[in-house]
Every structure is written in C-alpha cells, then in structure tokens.
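Novice: predicted structure and sequence below. I'll ask about it afterward.
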There are 2 protein chains.
Amino acid sequence: MSEDPTGRVFDALADANRRYVVQVLAERDTATATELAAELPVTRQAVAKHLAALNEAGLVASRREGRETRYALTPGPLAEAMDWMTSVGAEWDSRLDALRRHLRKRRP
Amino acid sequence: MSEDPTGRVFDALADANRRYVVQVLAERDTATATELAAELPVTRQAVAKHLAALNEAGLVASRREGRETRYALTPGPLAEAMDWMTSVGAEWDSRLDALRRHLRKRRP
DNA sequence: CTAAGGTGCAACCGTCTGGTTGCACTAGTA
DNA sequence: TACTAGTGCAACCAGACGGTTGCACCTTAG
C-alpha cells in the first residue's frame, strides 16, 4: 500500500472496530483511547493502534490535553474516498442514480 | 472480519490493484483474469485471487463463457459502503457540504 | 511527596494476505 | 487427434495485521 491515500482510507474503514471508533467520534466530538476501549471488546492498546491507523489515514487528529490525549475527526480524506467511488460509479451508473436520489433526501 | 458486508467492501477497495480492476471493469463492461493480468505488474493467479476477493465482497460477478471466464461489476454493495460514509459523515457535516455540492455538479 | 489514572513503547504471537510457482483440467482449433 | 489458450487448485513464503502483556513515563489529586 505504502503511499496510497485512498487505499489507506479504505483500509482504515475496513475494520469494524475502527469504523465504530469513527462512528463514536462523529457523535460526540472527541474521545480518549481508554474511553473508547471501555465500549469495545479489546484492550486500550489495541484501540490506540486503531487510532494510530486512523491518524495515518488522515481521518483523525490527536491533541494532548493535560494527562489525556483526545482524538477528533478530520473528515477531509473521507470525501476523497467517496470521490473515488462516485467517479468510478459514474461509469456504469444505473445504480448510482438511486444513490444520488438517496443523497438528495438528506438535503431537500 | 467474517460476516461484515461493509467491511468486506472497504477491504476489497483498500488494495490498489483491486481498485484498478474495478476501474477497468467500469470502463469496459467485462474482462478476464488474463486480460487484466496483462495490464498489471502481477501474475494471472494473483489477479484471480483479487477477483475472488471482489466477488466475495459482492462487487463482481463471474460468468463462464466458453473457455474463458468473464467478470463484470455488480455495484450494489458499493452503494451500501457509500451509505455508511454519508450517514456517518452527516454527523459532523461541514466538510460534507462541499461533498454534496461536488455530487450535484455531476448531475445538474 | 505519594498514589493513581492515562499514555506510550516494545516484544511477542497466531493468523491473514498478496504474491509466487507448479501442475492438472477443460475447451476450442489446426 | 494433437496442440494451445485459459482456468482452477494447492502448496508455499515473507510480511503485515489485530491483539495481547509488561513496563516505564508523565500528570493530576490527596
């Protein structure tokens, strides 16, 4: 994979625990590794690794705050990944129409 | 990962070769493993594995045609993956606005 | 100062993954 | 029939991955 931004995003989102972290981070604004570990069936260190992966994918940013490190989303790369999907999806298209209609619903 | 449709899609799209296969399959309608292998720096068997992965993710379907097996896209699951992205993305939002405008451009 | 909560780093382990090679099988073709 | 192109299957390998444990290092509360 190495230097492949889109690939890193997809790879980061491929893990269910990582997706859960992203979801939680989307609801509340920030969270720490230990907080997240409490809601997941894995160790705090495992979560830390996941956060590191998300960070390397550019999806998350860390900020030290006293004795804890809080993480927050940085959604730029996610849009890029979606961009890849839409541009490829535009080629064969018929299904994509349904998708577009679906997106419209969220923004009347 | 096991039984995780969304995860399998993201995982399938995480590999650059696999994404290239999807891209090619989006341009021309169908292709065989050997055809694809000719345009990639890997063996035919490697491509076959990638196609198997894409197939398991539900992104691709195979059809035997005489002595060759042609593959074609089945874009349903891709929309599901995008759905996950949009529904999560909707939470924090500001960046998502730019994305929506971007999508609108493709469909005036 | 001391104790405790929160991190980070490193080693280790089993498993999955992308890739290869080798071989056997099927289907058209000369 | 004999040849050739296209597949499929299996074994194998090195490296990455998700996860764990153990420990040392700050930072705040008593």
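Specialist: Done, it's in.
Novice: strands along chain A, start to end?
Specialist: A:31-32, A:60-65, A:68-73 (DSSP state E).
Novice: shaky segments in chain A?
Specialist: A:1-2, A:75, A:89-108 (pLDDT under 70).
Novice: residue in it with the shortest distance to DNA strand C?
Specialist: With Cβ to the nearest atom of the strand as the measure, A:Thr32 is the residue of chain A nearest to DNA strand C, at 2.8 Å. (C-beta placed from N, C-alpha, C; glycine too.)
Novice: quick check, that residue in contact with A:Thr69.
Specialist: Yes - if you go by Cβ atoms under 8 Å, A:Thr32 and A:Thr69 touch, sitting 6.2 Å apart.
Novice: quick one, which of the two is more surrounded?
Specialist: A:Thr32 (19 against 15; other Cβ atoms under 10 Å in any protein chain shown).
Novice: what residues are bridge-paired with that one?
Specialist: Assessed by DSSP bridges, A:Thr32 has beta-bridge partners A:Arg70.
Novice: so which of the strands of chain A is the most packed in?
Specialist: strand A:31-32 (a mean of 20; mean count of other Cβ atoms under 10 Å in any protein chain shown).
Novice: that older thread, nearest to DNA strand D among the strands of chain A would be which one?
Specialist: strand A:60-65 (7.5 Å).
Novice: adjacent strands (with direction) for that closest one?
Specialist: Short version: by DSSP bridges, strand A:60-65 pairs with strand A:68-73 (antiparallel).
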